[in-house]
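Visitor: When you get a sec, could you give me coordinates for this:
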Amino acid sequence: MATDRKLVLDRLPVELLYDIYTCALSSSLPLTCKFLYSVFKAAPPTLHAQYLIACYEDAANRSASARALGLVSKVLRYPICTRSVLEAILRSPERPSIPSVNDPRAPPTILPRHLFRNLTPRDAPGQRPWTEYDEPLPFLKFLYTDPRIPRPAPNSYEGYALTRAVYAGFTPLVRFLLEHDASPACKGGLAVTVAIRRKSLPLVRMLVERDGPSSVDASMLAASRKRKRSAADVGENGGSSANASSGKTSGSKVGGTKRRKLGDRVSVTPGMLKTAVMCDARDIAEYLMREKGCVPDMQTVLMMGR
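Guide: Residues are numbered from 1 along each chain as shown. A predicted model of the protein is given here:
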């Protein structure tokens, strides 16, 4: 007597499920049931790499915008694209070609919003402060340093990354983004406004002012140190005391010279000052007026006089 046999996905071998996964190109398949979710969550990075490459090729064949976006920017949009998965993609012989980093026509790598969306403040007592080892900072360092990846665009989505980092008080991430040309001027200086609402004067200073020597100053400092060492060598080899003294004085003078003042990253506005007054961030309001010369409007003056 014949019996009806039903074939269901959770009865199939894992290897066959992997093949279905890479052929279906459906992001909903792992969410069908708990069993499939656990299977695909535990899948090796090479499988996810194969899936993401196939997704990009499918989108690139149907859309010119996907081709213009580039492989790395496209696959980074998927939350499953971790560092190990991205490394597997870059190693895969099946991956499409990626323009050279030195190619001026190469599209920049767009930083997806999901990398920063879950950043929340750690201001409550007992919470561990942010460190350079907290994600997504290690992943960003990989994106910026791997020579196979086109240079990321730090101001993707109108500076979303910097604004979320400021909102969370993630100082190491804020510093990293600023060092890689993130602009706090995006969206009318929203990142600065968020820092003001946090009543964090150090964050406001970090966003507004440029710190550290410029590349020109650094090269000048290195050259002055080299000249100082040369002068010291001359003195040790029997040079006149006057020459040795002259070299020492010259070196200390160069070393003690103030660094060239760099322009601010963003111009402060009366609106920022008004926000500081409304938040009762008096130290920030004083900084904006006295050090940055921000002139309050009449409404802000009335608020300050209350």
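Visitor: Please count neighbours and contacts with C-alpha atoms only from this point.
Guide: Fine.
Visitor: Okay, and the most centrally placed residue in the chain sits in which element?
Guide: By C-alpha atoms, centre = their mean, the chain has its centre lying nearest to Leu177, at 4.3 Å. Taking DSSP states H and E as the definition, one finds Leu177 inside helix 171-179.
Visitor: Alpha carbons of that helix, as CSV, please.
Guide: Output of helix 171-179 as CSV, limited to C-alpha atoms (Å, rounded to 0.1, in the frame of the first residue of the first chain):
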residue,chain,number,x,y,z
THR,A,171,34.5,59.0,22.2
PRO,A,172,37.1,56.6,20.5
LEU,A,173,34.7,56.2,17.6
VAL,A,174,34.1,59.9,17.3
ARG,A,175,37.9,60.5,17.3
PHE,A,176,38.5,57.9,14.7
LEU,A,177,35.8,59.2,12.3
LEU,A,178,37.1,62.8,12.7
GLU,A,179,40.6,61.6,11.9
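Visitor: Between the two ends of stretch 28-40, how far is it?
Guide: One end of stretch 28-40 sits 11 Å from the other (C-alpha to C-alpha, to the nearest Å).
Visitor: Please state the offset of stretch 57-72 from the chain centre?
Guide: With C-alpha atoms, centre = their mean, to the nearest Å as the basis, stretch 57-72 stands 24 Å off its chain's centre.
Visitor: for stretch 194-211, same thing?
Guide: 17 Å.
Visitor: Ok, stretch 9-28 next?
Guide: Offset of stretch 9-28 from its chain centre (C-alpha atoms, centre = their mean): 35 Å.
Visitor: Count the residues that sit near the nearest residue to Pro296 once chain neighbours are set aside.
Guide: Leaving out its chain neighbours, the residue that sits closest to Pro296 by C-alpha to C-alpha, 6 or more residues apart in numbering is Pro270, at 5.4 Å. Using other C-alpha atoms under 10 Å, Pro270 is surrounded by 15 other residues.
Visitor: Pro270: what's it in contact with?
Guide: Cys294, Val295, Pro296, Asp297 (C-alpha atoms under 8 Å, 6 or more residues apart in numbering).
Visitor: Same question for Lys74.
Guide: By C-alpha under 8 Å, 6+ apart, the neighbours of Lys74 are Tyr56, Ala66.
Visitor: And stretch 22-31, what's buried?
Guide: Thr22, Pro30 (16 or more other C-alpha atoms under 10 Å).
Visitor: okay, and for the stretch 201-306 of the chain, where does confidence drop off?
Guide: Where the stretch 201-306 of the chain drops to pLDDT under 70, the residues are 212-261.
Visitor: And the pLDDT for Ala66?
Guide: Looking at Ala66, its pLDDT stands at 89.
Visitor: could you pull out the strands for the stretch 1-150 of the chain?
Guide: 109-110 (DSSP state E, counting those that start in this stretch).
Visitor: Skipping adjacent residues, who's closest to Glu132 in space?
Guide: Take Glu132 and drop its neighbours on the chain: the residue closest to it by C-alpha to C-alpha, 6+ apart is Pro172, 5.7 Å away.
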